[in-house]
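S.K.: the following comprises the amino acid sequence and a computationally predicted model.
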Amino acid sequence: MTRSAEADTPGRLVDNLIHFARVLRAAGLPVGPGKVIDAAQAVRAVGIASRDDFYWTLHAVFVNRRDQREVFDQAFHVFWRNPRILERLMALSLPQVMVPPEDERRELSKRVADALKALNESDALKPQETIKTEIDAVMTFSDEEQLRRQDFEKMSLAELERAKRAIARLRLPVERNPIRRFELHHAGNRFDLRATLRRSLRGGGHDIEILRKRRRTRRPPLVILCDISGSMSRYARMMLHFLHALTNDRDRVHTFLFGTRLTNVTRHLRYKDPDVALAKVGEVAEDWSGGTRIGATLHEFNRFWSRRVLGQGAVVLLISDGLDREGAKGLTREMERLHKSARRLVWLNPLLRYEGFEPKSSGIRAMLPHVDEFRPVHNLESLEQLAVALSKPSSSQEMRPWLKRLQ
């Protein structure tokens, strides 16, 4: 903290800002010492006469992306409404924070809960100033089985790290397809006359060994179209770890992100270090956590990329919740074209985690008739089931129940 900031901002408030910054950093926000200094200087300039001004001053300093807003909002209201902190704020002429009724409180993010728990257990605060926050089941530990079935959106930071390590070990065995070329094989179903004659010439033509051949097989190209809109941002981040593992495990993997525009991130995911790869992806994906224009982005893919990456029986994974802000404009035509260009089109939708899910939105109804499989993707178990399903041929029977719901 600079001397100028400490001189103009009450020392006890500076201490609280430091502790609040620690909570945000533990919850996953990129908060460093420089932002704490900026926060102190911003509070000095704006003042602390209004709670709303205080909230938005800290918001402007600590929040850089749309997906950080929810974490900051929960951390702010939990941290600054603590009774002991309120006493200190009142001493500093800060207004009291109104606590909403119990039935109106949102579910506390596990990331914020873990961050507050870590702050409680640290020695940074004196015993009489220790923050005590009531957090019930959000602090419980999940074993391996629970972790596999737990929704990515409800995981704590520690559980997310464990899930990322598990995802990095996943492999996606896709069915191998026969190609035009042949290879020698003792159990081949065809005689290779050319290879047989060449082999016989080596022995002077006295001993003739009949050689057989069979068609070669090769895993088809894998093309991933991942939705990174606001409603998909948390799942998209976990899926990027999965896609990074796929890209570094096999050849001919092409990854595209879409929200309001289409972004090819294939070469960025080829970095071996996942942190470097995801940082590069974050730099080029400018529409992260924004709106969704599924029809327009699929039109761009079909027009400029489909002929380049969808050859040789490509398998397409479409990761999206199907919520289109343009009301499914042109989506039926583009989905039909994508389906015809791909050998197999698999739609992965996190909304299937709800038992009572029904295809009611216009985007989902426009997309469903043109996919080969419709599967959930919200936890580790769903990714493992996807790996098993892609190792087998697809069946048209799987889509019949969903198509009946559209009628």
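M.R.: Received, thanks.
S.K.: where exactly do the strands run in the chain?
M.R.: With DSSP state E as the criterion, the chain has strands at 177-184, 190-191, 212-218, 222-227, 253-258, 262-264, 315-319, 344-348, 373-375.
S.K.: out of those strands, flag the one nearest residue 168.
M.R.: strand 253-258 (15.0 Å; CB to CB). (C-beta placed from N, C-alpha, C; glycine too.)
S.K.: give the pairing partners of that closest one; include direction for each.
M.R.: Strand 253-258 has the following sheet partners, assigned by DSSP bridges: strand 222-227 (parallel), strand 262-264 (antiparallel).
S.K.: need these in JSON lines with mean neighbour count, distance to residue 30 and mean pLDDT, can you?
M.R.: Putting the strands paired with strand 253-258 into JSON lines (neighbours: other CB atoms under 10 Å; distance: least, CB to CB, whole Å; pLDDT from 0 to 100) gives the following:
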{"stretch": "strand 222-227", "mean neighbour count": "24", "distance to residue 30": "23", "mean pLDDT": "94"}
{"stretch": "strand 262-264", "mean neighbour count": "18", "distance to residue 30": "22", "mean pLDDT": "95"}
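S.K.: in stretch 338-345, what's buried?
M.R.: 338, 339, 341, 342, 343, 344, 345 (16 or more other CB atoms under 10 Å).
S.K.: got it, and stretch 228-244?
M.R.: 228-229, 231-244.
S.K.: residue ranges in the stretch 301-407 of the chain under the pLDDT threshold?
M.R.: Along the stretch 301-407 of the chain, the model assigns pLDDT under 70 to no residue.
S.K.: in the buried residues of stretch 228-244, find the pair that's most separated.
M.R.: Pairwise distances across those (CB to CB) peak at 22.2 Å, for the pair 231 and 244.
S.K.: can you name the farthest residue from the center of the protein?
M.R.: What lies farthest from the middle of the chain is residue 206; by CA atoms, centre = their mean that is 64.8 Å.
S.K.: and the gap between that residue and residue 200?
M.R.: Plainly put, residue 206 is 8 Å away from residue 200 if you go by CB to CB, to the nearest Å.
S.K.: same question for residue 374.
M.R.: When residue 374 is compared with residue 200 (using CB to CB), they lie 55 Å apart.
S.K.: who has more neighbours, these two?
M.R.: Of the pair residue 374 and residue 200, residue 374 is the one with more neighbours under other CB atoms under 10 Å, namely 20 against 16.
S.K.: looking at the strands paired with strand 253-258, spot the one closest to residue 294.
M.R.: It is, among the strands paired with strand 253-258 and with distance given as CB to CB, strand 222-227, at 7.4 Å.
S.K.: so what's residue 325 closest to, chain neighbours aside?
M.R.: residue 291 (4.7 Å; CB to CB, 6 or more residues apart in numbering).
S.K.: and that neighbour, what pLDDT?
M.R.: According to the prediction, residue 291 has pLDDT 84.
S.K.: tally of neighbours for it?
M.R.: What residue 291 shows, counting by other CB under 10 Å, is a neighbour count of 14.
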